[in-house]
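Peer 1: attaching a predicted model along with its sequence, questions to come.
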Amino acid sequence: MITKRFVAPPKGFSDKLLKFIELAKEKKWTVSEGFSPTELEVKTQELVTMEANFMKLEAEYKVKKDALTSVQRELYVKFQSALKIISGQFYKDTGVLKLLDSFRRDHKRQKKESANNTTTPV
């Protein structure tokens, strides 16, 4: 069975829908199934409220994420500094340097897929 791909509504969909509902009411358009302008208007108002709540949550998330990132950045800089200082203090002690190696960032890059790879996913 072939399923149709869902196409998400564009931004501003709820505004367009509300305008359409107003036009349908004004022109007294009716459709036999699934189209009651009053019902659609109520559902659309619910959608608008949900969108507003979602946008508020997104804004709160961004503020909290920015705060988290700021603290992480600050601590990472301090961590890197401490690691360099300790490494400098014990630069002749290979045992300590080996212990500190596990805290260093791995600079190995992952291999990219070959440009010559002609297989296509199915």
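Peer 2: Looks like it arrived, so ask away.
Peer 1: for the helix or strand harbouring residue 45, which helices and strands make contact with it?
Peer 2: In this structure, residue 45 sits in helix 37-89 according to DSSP states H and E. The elements that helix 37-89 packs onto, with contact taken as 3 or more C-beta pairs under 8 Å, 6 or more residues apart in numbering; DSSP states H and E, are helix 13-27, helix 94-101. Every C-beta, even on glycine, is put in place using the N, C-alpha and C of the backbone.
Peer 1: output the shortest one as CSV, restricted to C-alpha atoms.
Peer 2: In this case it means helix 94-101. Extracted in CSV, the C-alpha atoms of helix 94-101 (Å, rounded to 0.1, in the frame of the first residue of the first chain):
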residue,chain,number,x,y,z
THR,A,94,54.8,10.8,31.5
GLY,A,95,52.5,9.0,34.0
VAL,A,96,50.6,12.2,34.7
LEU,A,97,50.5,13.2,31.0
LYS,A,98,49.0,9.8,30.1
LEU,A,99,46.3,10.3,32.8
LEU,A,100,45.6,13.8,31.3
ASP,A,101,45.4,12.5,27.7
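Peer 1: what angle sits between it and helix 37-89?
Peer 2: Here helix 94-101 points in a direction 170 degrees away from that of helix 37-89 (axes from the mean of the first three to the mean of the last three C-alpha atoms, to 10 degrees).
Peer 1: likewise for the first one?
Peer 2: Orientation check (the same axes, to 10 degrees): helix 13-27 against helix 37-89 gives 170 degrees.
Peer 1: still on that earlier bit, turn the helices and strands packed on helix 37-89 into a markdown table, including mean pLDDT.
Peer 2: As requested, these are exported to a markdown table (pLDDT from 0 to 100):
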| stretch | mean pLDDT |
| --- | --- |
| helix 13-27 | 88 |
| helix 94-101 | 90 |
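Peer 1: got TSV for those, with mean neighbour count too?
Peer 2: Formatted as TSV, the helices and strands packed on helix 37-89 follow (neighbours: other C-beta atoms under 10 Å):
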stretch	mean neighbour count
helix 13-27	14
helix 94-101	11
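Peer 1: could you dump those helices into JSON lines with distance to residue 81 added?
Peer 2: Below are the helices and strands packed on helix 37-89 laid out as JSON lines (distance: least, C-beta to C-beta, whole Å):
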{"stretch": "helix 13-27", "distance to residue 81": "50"}
{"stretch": "helix 94-101", "distance to residue 81": "13"}
